[in-house]
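Student: Predicted model, plus sequence, below.
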Amino acid sequence: MPRWEVAFWRDRYAVLTLDLQIPRHIGIIMDGNGRWARQQRRPASYGHRAGVRAIKRVLDACETLGVKMLSIYAFSTENWSRPRAEVRALMRLFHETMQREIDEMHRRGVRIVVSGRRDELSPRMRERIEEAMTRTAANKNGVLNVCLNYGGRAEIVDAVKRLVADGVEVGQVDEASIASRLYNPDLPDPDLIIRTAGERRVSNFLLWQSAYSEMLVTETLWPDFDMDDLKTALADYASRVRRFGGRPEDEEAAQAAVR
Ligand code: IPE
Ligand code: IPE
Ligand code: MG
């Protein structure tokens, strides 16, 4: 067996036995629904429906593997520029899915939060969101953060507006005062951000929070993403050294020398 394959299976086995560092919070840029649908000569909305099934699979996988928080990029502030029929189909799908899945999410003890500019969504969508967030607010088993009409720049603009509205003095403006005014200040920054379908860009996702996230791009199209893809991503994550701008290997050496 070639050496890389040995390493791959070793990592894979380690994930299976949970003998490694599991990210607390994963962000996913769920891309590739359109390409998946096109491959089957179907409209984009067909791909988006398959994308919802993938979300359910990944939620199951997260529960099994012990990932407690998941942020999913469902609709960006730029996605309004898509054909009207696609936008309408997507909004209908979000509404329907939220209505259908809420009981199950609640039963599993998952807290649902929605990040994004809610005032630009329809009143009936806002109602569903309020209901989902209120009903699941006290749940403790995990968090599903649905980024809907979300833009990282819009989020920072909205935080700065609140800062100004709160009358914060120039001298008082720091990272903490901005971070505490983001949409979900209680969520820790994502440890790992996965983008499906091969594009190597951030597309306005969690700009502030991803400052030190590990990034992983997979060629798998979102509707095909499954437990195995997630395990592979976790094995990759576990092999990384997070430095946060420091020199952790020197600190380890210094500690070893003291010992
Ligand atoms: C991602 O899939 C889903 C949304 C943006 C809502 P796309 O629809 O962007 O899929 P591609 O990039 O066209 O394949
Ligand atoms: C990012 O995908 C947005 C979501 C997954 C919701 P896009 O398909 O909109 O990103 P670009 O246009 O390829 O950058
Ligand atoms: Mg896309």
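Tutor: Structure received. These numbers come from a predicted model, not from an experiment. Numbers count the residues shown, from 1 in each chain. Ligands and ions are numbered 1, 2, ... in the order given.
Student: Next one, pLDDT for W4 please.
Tutor: In this model, W4 is scored at 69, pLDDT.
Student: Got phi/psi on M69?
Tutor: phi -130, psi 140 (degrees, to the nearest 10).
Student: And the pLDDT at it?
Tutor: Model confidence at M69, given as pLDDT, is 98.
Student: Now for the residue nearest to it when sequence neighbours are not counted: which residues touch it?
Tutor: In this structure, M69 finds its nearest non-sequential neighbour in H25, 4.0 Å apart by C-beta to C-beta, 6 or more residues apart in numbering. Where you see a C-beta, it was placed from the backbone N, CA and C, and this is true even at glycine. Applying C-beta atoms under 8 Å, 6 or more residues apart in numbering to H25 gives the contacts V67, K68, M69, L70, S71, L187, P188, D189, P190, D191, L192.
Student: Selecting buried members of the residues you listed in ChimeraX, what would you type?
Tutor: Only the buried entries of these go into this ChimeraX selection, using 16 or more other C-beta atoms under 10 Å:
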select :67,68,69,70,71,187,189,190,191,192
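Student: nearest to A61, of the contacts of H25?
Tutor: Nearest to A61 among the contacts of H25, counting by C-beta to C-beta, is V67 at 8.0 Å.
Student: Tell me the backbone dihedrals of the closest residue to the closest one other than its chain neighbours, please.
Tutor: The shortest distance from V67 to any residue other than its chain neighbours is 5.6 Å, reached at I26 (C-beta to C-beta, 6+ apart). Recorded main-chain torsions at I26 are phi -120, psi 140, according to degrees, to the nearest 10.
Student: Just want the residue of the protein that's nearest ligand 1.
Tutor: Residue nearest to ligand 1 within the chain: G34 (2.4 Å; C-beta to the nearest ligand atom).
Student: these two touch, right, that residue and G47?
Tutor: Yes - the pair G34 / G47 is scored as a contact, 5.6 Å apart, by C-beta atoms under 8 Å.
Student: Not counting its own residues, what contacts stretch 222-240?
Tutor: Taking C-beta under 8 Å, 6+ apart as the criterion, the residues outside stretch 222-240 that touch it are 8, 11-12, 14-16, 20-23, 30-33, 36, 47, 50-51, 53-54, 57-58, 60-62, 64-65, 67, 191-192, 194, 196-197, 214, 216, 218, 220.
Student: Does V217 touch I193 like I think?
Tutor: No - with contact taken as C-beta under 8 Å, V217 and I193 are classed as non-touching, separated by 9.4 Å.
Student: and those two? which has more neighbours close in?
Tutor: A direct count of neighbours by other C-beta atoms under 10 Å for V217 and I193 places I193 higher, at 24 against 16.
Student: Helix or strand: which one has that one?
Tutor: strand 192-195 (DSSP states H and E).
Student: what's the following helix or strand after that strand?
Tutor: Per DSSP H and E, the first helix or strand lying C-terminal to strand 192-195 is strand 214-217.
Student: Got phi/psi on the closest residue to ligand 2 within the stretch 101-250 of the chain?
Tutor: Of all residues in the stretch 101-250 of the chain, S203 sits closest to ligand 2, at 3.7 Å by C-beta to the nearest ligand atom. In this entry, S203 is assigned phi and psi values of phi 50, psi 40 (degrees, to the nearest 10).
Student: where do the helices sit along the stretch 51-200 of the chain?
Tutor: In the stretch 51-200 of the chain, helices defined by DSSP state H, counting those that start in this stretch lie at 84-107, 123-136, 152-165, 175-179, listed in chain order.
Student: can you put the ones you listed in JSON lines and add mean neighbour count?
Tutor: Conversion of the helices of the stretch 51-200 of the chain to JSON lines gives the following (neighbours: other C-beta atoms under 10 Å):
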{"stretch": "helix 84-107", "mean neighbour count": "15"}
{"stretch": "helix 123-136", "mean neighbour count": "15"}
{"stretch": "helix 152-165", "mean neighbour count": "15"}
{"stretch": "helix 175-179", "mean neighbour count": "13"}
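Student: possible to save these as JSON lines with distance to ligand 2 and mean pLDDT?
Tutor: Below are those laid out as JSON lines (distance: least, C-beta to the nearest ligand atom, whole Å; pLDDT from 0 to 100):
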{"stretch": "helix 84-107", "distance to ligand 2": "9", "mean pLDDT": "98"}
{"stretch": "helix 123-136", "distance to ligand 2": "16", "mean pLDDT": "98"}
{"stretch": "helix 152-165", "distance to ligand 2": "11", "mean pLDDT": "98"}
{"stretch": "helix 175-179", "distance to ligand 2": "23", "mean pLDDT": "98"}
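Student: No further queries at this time; thank you.
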